[in-house]
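S.K.: Here's a sequence, model it:
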Amino acid sequence: MKFKRFAKSTTGVSARTSVSTPDLPARPQSIGEWIGVIFVLAMFALTGAVGCLTILAGVRQLLSGEASIPKALVLIAIGLVFAAIGLGYFYFRYVKKPLWDAEQARLEARYPGQPWMQRKDWASRRVTHSNLGVTALLWVWNIGWWGALAFIGTVNRDKIRVALDESWWTYFLLGAFLFCGLIALRFALAATWAHVRYGRTTLRLDTLPAYIGDRFRGTVEARLRARPVEPLRAALICEQLKWIRIRTGGKTTSRLDVRELARVEREIPASLVMVSRTGARIPVEIDVPPASREYSLDSEGNGVRWTLHVDAPDSKQPFSCSFEIPVYARRA
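M.R.: Reported below is the predicted structural model:
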């Protein structure tokens with residue numbers, strides 16, 4: 001699993017780009033890139049160090065009684081967020097990533113010429129969809145945002161009261177910060193509800209791989225309480241993904257360019273959905289367009305990606321999921 005590979009993107013006919021994010025070159029080729037690498041590493045190291053020091057300060061205040069328990073707990077929570085961001089980066093880049101690369105090399109040697117067997121979920125014929133990662137990220141952001149507001153409000157309570165008395169603009173500024181926090185909290189609660197309601201959705205692959213010009217078959221297993229009233233929608237989408245690196249003022253950033261190459265849609269009659277106590281089974285059969293390009297997404301997130309999207313527009317139980325699927329040309 002690579003970070004760029006699973007970057008969230010929208011689809012459409014025209015090319016689009018995502019929000020620019022700092023990029024760390026795999027092999028710096030110039031002094032400027034080396035400076036960028038050092039800056040990124042130093043930034044995450046500083047973030048982790050600040051988080052650890054904040055945690056220690058909060059624990060010390062909690063044990064010594066220098067601050068109230070809520071204030072100390074808020075300080076500890078803020079420190080945990082910063083420490084998770086800073087130290088988590090080094091853990092995933094220098095501990096998990098080498099393990100992932102070694103496992104990938106082992107699978108490539110075991111299944112030469114069969115890339116669909118080099119991903120564990122494809123090889124097991126079980127591809128999962130879950131918004132747990134997005135939900136966790138939203139809650140981390142909310143904890144950091146509301147924790148920072150609570151900490152600033154506690155420490156600068158008297159100054160804030162004076163500023164509120166002197167200018168109405170302070171009310172507007174305070175309201176803007178609270179409004180942004182409430183919007184983020186609303187998204188976090190919605191994502192949490194969706195995860196609790198639907199959990200993990202699984203796609204069982206009947207065709208491994210799906211060949212270009214043939215038909216893809218699979219079954220989506222979802223936690224639907226009842227058979228949908230309206231037909232479900234299935235869409236098979238082929239996209240060209242390309243990370244573009246841009247140097248501006250000595251700073252290197254990257255953006256994701258997404259271009260839709262093909263799309264096939266069909267309806268799934270609600271009568272075909274089999275509902276039981278454990279959930280629902282949604283059969284999916286959809287033709288793969290001929291003369292298409294096969295799946296070729298590399299570890300850096302560049303190449304062609306095929307995704308299957310299944311949506312239930314039923315207002316009583318709105319449901320949506322997507323899966324990366326193996327689509328390849330026939331080998332000789």
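S.K.: drop to CA atoms for contacts and neighbour counts, all remaining ones
M.R.: Fine.
S.K.: Flag the helix or strand of this protein with the lowest per-element mean pLDDT.
M.R.: strand 16-17 (a mean of 36; mean pLDDT, DSSP states H and E).
S.K.: Which parts of the protein are helices?
M.R.: 31-64, 69-91, 97-110, 120-123, 132-155, 157-166, 168-198 (DSSP state H).
S.K.: Compute the inter-axis angle for the last one and helix 132-155.
M.R.: The one in question is helix 168-198. Calculated by axes from the mean of the first three to the mean of the last three CA atoms, to 10 degrees, helix 168-198 forms an angle of 150 degrees with helix 132-155.
S.K.: starting at the chain centroid, how far to helix 168-198?
M.R.: 19 Å (CA atoms, centre = their mean, to the nearest Å).
S.K.: What is the burial count for V327?
M.R.: 27 (other CA atoms under 10 Å).
S.K.: same check, this time on E294
M.R.: Using other CA under 10 Å, E294 is surrounded by 19 other residues.
S.K.: Nearest residue to it in space, please, no chain neighbours.
M.R.: Y328 (4.4 Å; CA to CA, 6 or more residues apart in numbering).
S.K.: The one you found: what's it in contact with?
M.R.: P209, A210, Y211, I212, R293, E294, Y295 (CA atoms under 8 Å, 6 or more residues apart in numbering).
S.K.: Same list (those residues) but as CSV, adding pLDDT.
M.R.: Converted to CSV, these look like this (pLDDT from 0 to 100):
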residue, pLDDT
P209, 91
A210, 93
Y211, 94
I212, 93
R293, 93
E294, 93
Y295, 94
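S.K.: What's the mean pLDDT across stretch 308-323?
M.R.: When pLDDT is averaged over stretch 308-323, the result is 80.
S.K.: Now do it: everything it contacts.
M.R.: 127-129, 201, 203, 224, 228-237, 307, 324-325.
S.K.: same question, stretch 197-210
M.R.: Stretch 197-210 is contacted from outside by 116, 122, 125-130, 216-224, 288, 321, 323, 325-328, using CA under 8 Å, 6+ apart.
S.K.: How about stretch 59-77?
M.R.: T54, I55, L56, A57, G58, I143, G144, G147, A150, F151, T154.
S.K.: let's see 7 Å
M.R.: T54, I55, G58, G147, F151 (CA atoms under 7 Å, 6 or more residues apart in numbering).
S.K.: and the second one, how many neighbours does it have?
M.R.: Just to be clear, that refers to I55. I55: 24 neighbours (other CA under 10 Å).
S.K.: Repeat that for the third one.
M.R.: For G58, the count of nearby residues is 24 (other CA under 10 Å).
S.K.: Need the pLDDT of it.
M.R.: 86.
S.K.: That one and C321, how far apart?
M.R.: Per CA to CA, to the nearest Å, G58 is found 41 Å from C321.
S.K.: do the same with the first one
M.R.: Separation of T54 from C321 (CA to CA) stands at 39 Å.
S.K.: Excluding chain neighbours, give the residue nearest to A270 in space.
M.R.: Closest to A270 by CA to CA, 6+ apart is P231, at 4.9 Å.
S.K.: list the contacts for the one you found?
M.R.: Applying CA under 7 Å, 6+ apart to P231 gives the contacts E267, I268, P269, A270.
S.K.: I'd like those residues as JSON lines, with pLDDT appended.
M.R.: Compiled in JSON lines, those are given as follows (pLDDT from 0 to 100):
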{"residue": "E267", "pLDDT": "92"}
{"residue": "I268", "pLDDT": "91"}
{"residue": "P269", "pLDDT": "91"}
{"residue": "A270", "pLDDT": "87"}
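S.K.: pLDDT below threshold where in this protein?
M.R.: Residue ranges of the chain with pLDDT under 70: 1-30, 32, 250, 314-317, 332.
S.K.: what comes up buried for stretch 38-49?
M.R.: L41, F44, A45, L46, T47, G48, A49 (16 or more other CA atoms under 10 Å).
S.K.: If we ignore the residues flanking it in sequence, what's nearest the last one?
M.R.: Nearest in space to A49, with sequence neighbours left out and distances taken as CA to CA, 6+ apart, is A83 at 6.9 Å.
S.K.: and what of the third one?
M.R.: Across the structure, with CA to CA, 6+ apart as the measure, the residue nearest A45 apart from its sequence neighbours is G86 (5.8 Å).
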